[in-house]
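Enquirer: Sequence plus predicted model, see below.
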Amino acid sequence: MGIRLARQEDLPIINEIYNQAVRQRFCTAHLEPVSMEEQEKWFTSHDPESFPVFVAANHQGVAGWVSLGPYRMGRQALAHVAEVSYYVDEQHRGEGTGNRLMEHAIRVASQFGFSVLIAILLNKNPASIGLLEKFGFERWGAMPGIALIDGQEADHLYYGLKL
């Protein structure tokens, strides 16, 4: 499986993979599926020269994606910080796709001018926490109980990695 820049034609599967996470709960703070229109706006905001989106793909299609996005857009003192987001198709979990995507994001981040990666997630997502910690991310902060999903509170966690 190779990692490449995402293309416009990948957007339907990128959206489906993201919406799998929405339906699973506690993998994102969205409670309703994201429309293709919303996902297109998100994708357009990720200029491949500054805030790329990558997909893990093979002859069978896209198995997951990772993005380097702005953190506090417009704040010049934070221009070297990227928010990393990653999602794996439920049919490909446990195959190492998340590992390959994270390795790639860390490897190329400096080429885009980033020296710090931030991941923002919910504490009820142990798989994601495990992936981040495996790659050296540390818990830098928490906002206790601020997310409310299906009547359950969850902490919003901030993990960081200085490259």
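Expert: Good, I have the coordinates. In this text, all values refer to a predicted model and were calculated from it rather than measured experimentally.

Enquirer: Low-confidence ranges, the protein, go.
Expert: Of all residues in the chain, none has pLDDT under 70.

Enquirer: for it, longest helix please?
Expert: Secondary structure of the chain per DSSP state H: the longest helix is helix 11-24.

Enquirer: my read: L163 touches I106, true?
Expert: Yes - taking contacts as Cβ atoms under 8 Å, L163 lies within contact range of I106: 6.9 Å. Every residue, glycine included, has its C-beta placed from N, CA and C.

Enquirer: Need the residues touching each of those two.
Expert: Contact with both L163 and I106 is made by residues L117, according to Cβ atoms under 8 Å, 6 or more residues apart in numbering.

Enquirer: Compare these two (neighbour count), which wins?
Expert: In terms of neighbours (other Cβ atoms under 10 Å), I106 is the more surrounded of L163 and I106; the figures are 18 against 13.

Enquirer: neighbouring contacts of the helix or strand containing the more buried one?
Expert: Secondary structure from DSSP states H and E places I106 in helix 97-108. Outside of helix 97-108, the residues that reach it under the criterion Cβ under 8 Å, 6+ apart are 1, 3, 52, 54, 56, 63-66, 68, 84, 86, 88-89, 117, 127, 131-132, 134-135, 161, 163.

Enquirer: Same check on stretch 47-57?
Expert: Taking contacts as Cβ under 8 Å, 6+ apart, the residues outside stretch 47-57 that touch it are 1-6, 10, 13-14, 43, 45-46, 62-70, 82, 88, 92, 97, 100-101, 104-105, 108, 112-113.

Enquirer: Any of the residues you listed buried? List them.
Expert: With neighbours counted using 16 or more other Cβ atoms under 10 Å, the contacts of stretch 47-57 contain these buried positions: 1, 3, 6, 10, 13-14, 43, 62-70, 82, 88, 92, 97, 100-101, 104-105.

Enquirer: coming back round to it: relative to helix 97-108, how tilted is the helix or strand immediately after the helix holding I106 in the chain?
Expert: In the C-terminal direction, the helix or strand that comes right after helix 97-108 (DSSP H and E) is strand 116-122. For the pair strand 116-122 and helix 97-108, the angle between their directions (axes from the mean of the first three to the mean of the last three Cα atoms, to 10 degrees) equals 150 degrees.
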